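Colleague: turn this into a structure:
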Amino acid sequence: MNAATFSTVDAHVHCGILDRFPPQGLDDYRSLARGSGIVGAVVFSPVMEIYDRYDPHFVDAPEWQARRRESNEYLLSLGSPAFEIFPFFFIWNDFAVEDLTPRHKGIKWHRHADEPTYRYGDPRCARAIEEIRRRRLPVVLEEELHNTERFIRELAVGVRVIIPHMGGLNGGYRSIKRLGLWENPDVYADTALASPVELIDYIENYGSERLLFGSDFPFGHPRREMEKVLDLPLAAEVMQAVLQKNVRRLLADVYPCAQRAIISGEA
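Modeller: Down below sits the predicted model:
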């Protein structure tokens, strides 16, 4: 299929100005996405603008809290009539949901196995999840497999969770399948850096309604990731759902008062 046929929203874009290696500002993204049909993006801060991922004993400090605020606020300054931006708030161990605004459309919750850990036992964590649930904010959850399962089945029941990379960094697509998490109606997946075999298996077993196109910029190339999806043997209406309609429908449910404005871009 031709990319020009479809309007697309990229549901997985790292975007910031404090961490410049690799370059990951909005202009850098749009330069790579030019000509792809991508008209908007879900954006969240790069990890190194939130915590020191290379220090497993990382201790939070006021300068890192200020860095997080600056990074999250930068995302709120983006967007134009020509390119839609859906900012996601990157949460860390201060669980600063008081910094959420009506413009935030979701949450980024991220760590890898060799990185500092979330304090799931902190009462502030439970309060933050309750606020996320109250606002119906979707959560892009990138965590170890046991924490992914715990988050979905115990800590955040009823919260819509997007597992990126088809689970590639959450323990693997097949491991999540064995746990039965893909069957949960509140669990979504994005296509970033996933294999076509996994994408086809997912669609055959779980349908296409909870599958979102994502590129993982700057680690994935938006045009190449889109071409991978366009090469799948999907009907045009299914392709359009994966490339745009599914994420718009998910985000429209966050703030019903903005539903008309968000869904208006589906055509």
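Colleague: where does Pro87 fall, phi/psi-wise?
Modeller: phi -70, psi 130 (degrees, to the nearest 10).
Colleague: ok, for Asp216, nearest residue in space, not its chain neighbours?
Modeller: In space, and not counting its chain neighbours, Asp216 is closest to Ala192: 3.7 Å by Cβ to Cβ, 6 or more residues apart in numbering. For glycine as for every other residue, the C-beta is placed from the backbone atoms N, C-alpha and C.
Colleague: that neighbour: how many residues sit nearby?
Modeller: 25 (other Cβ atoms under 10 Å).
Colleague: doesn't His14 make contact with Pro46?
Modeller: Yes: using Cβ atoms under 8 Å, Pro46 is in contact with His14, at 4.8 Å.
Colleague: which stretches in the chain count as strands?
Modeller: Taking DSSP state E as the test, the strands found in the chain are 8-14, 38-44, 84-90, 106-110, 139-142, 161-163, 187-190, 211-212.
Colleague: adding mean neighbour count, distance to Tyr29 and mean pLDDT, write those out as CSV.
Modeller: Output for the strands of the chain, formatted as CSV (neighbours: other Cβ atoms under 10 Å; distance: least, Cβ to Cβ, whole Å; pLDDT from 0 to 100):
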stretch, mean neighbour count, distance to Tyr29, mean pLDDT
strand 8-14, 28, 6, 98
strand 38-44, 25, 7, 97
strand 84-90, 23, 10, 96
strand 106-110, 25, 16, 98
strand 139-142, 23, 17, 98
strand 161-163, 24, 19, 98
strand 187-190, 25, 16, 98
strand 211-212, 26, 17, 98
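Colleague: so for Gly180, which of these sits nearest?
Modeller: Of all the strands of the chain, it is strand 187-190 that lies closest to Gly180, at 9.8 Å by Cβ to Cβ.
Colleague: on that earlier part again, name the residues contacting each of Pro46 and His14.
Modeller: Gln24 (Cβ atoms under 8 Å, 6 or more residues apart in numbering).
Colleague: hmm, back to that, ok, the residue nearest to Asp216 touching His165?
Modeller: Yes: with contact defined as Cβ under 8 Å, Ala192 counts as touching His165 (5.3 Å).
Colleague: who are the packing partners of the longest helix along the chain?
Modeller: As assigned by DSSP state H, the longest helix anywhere in the chain is helix 62-76. For helix 62-76, the elements it packs on are strand 84-90, judged by 3 or more Cβ pairs under 8 Å, 6 or more residues apart in numbering; DSSP states H and E.
Colleague: what's the strand it packs on in contact with?
Modeller: Applying Cβ under 8 Å, 6+ apart, the set of residues contacting strand 84-90 is 9, 26, 39-45, 49-50, 68, 71-72, 75-76, 78-79, 99-100, 103-108, 110, 137, 140, 247, 251, 265.
Colleague: for the protein, name the helix or strand with the lowest mean pLDDT.
Modeller: helix 259-263 (a mean of 39; mean pLDDT, DSSP states H and E).
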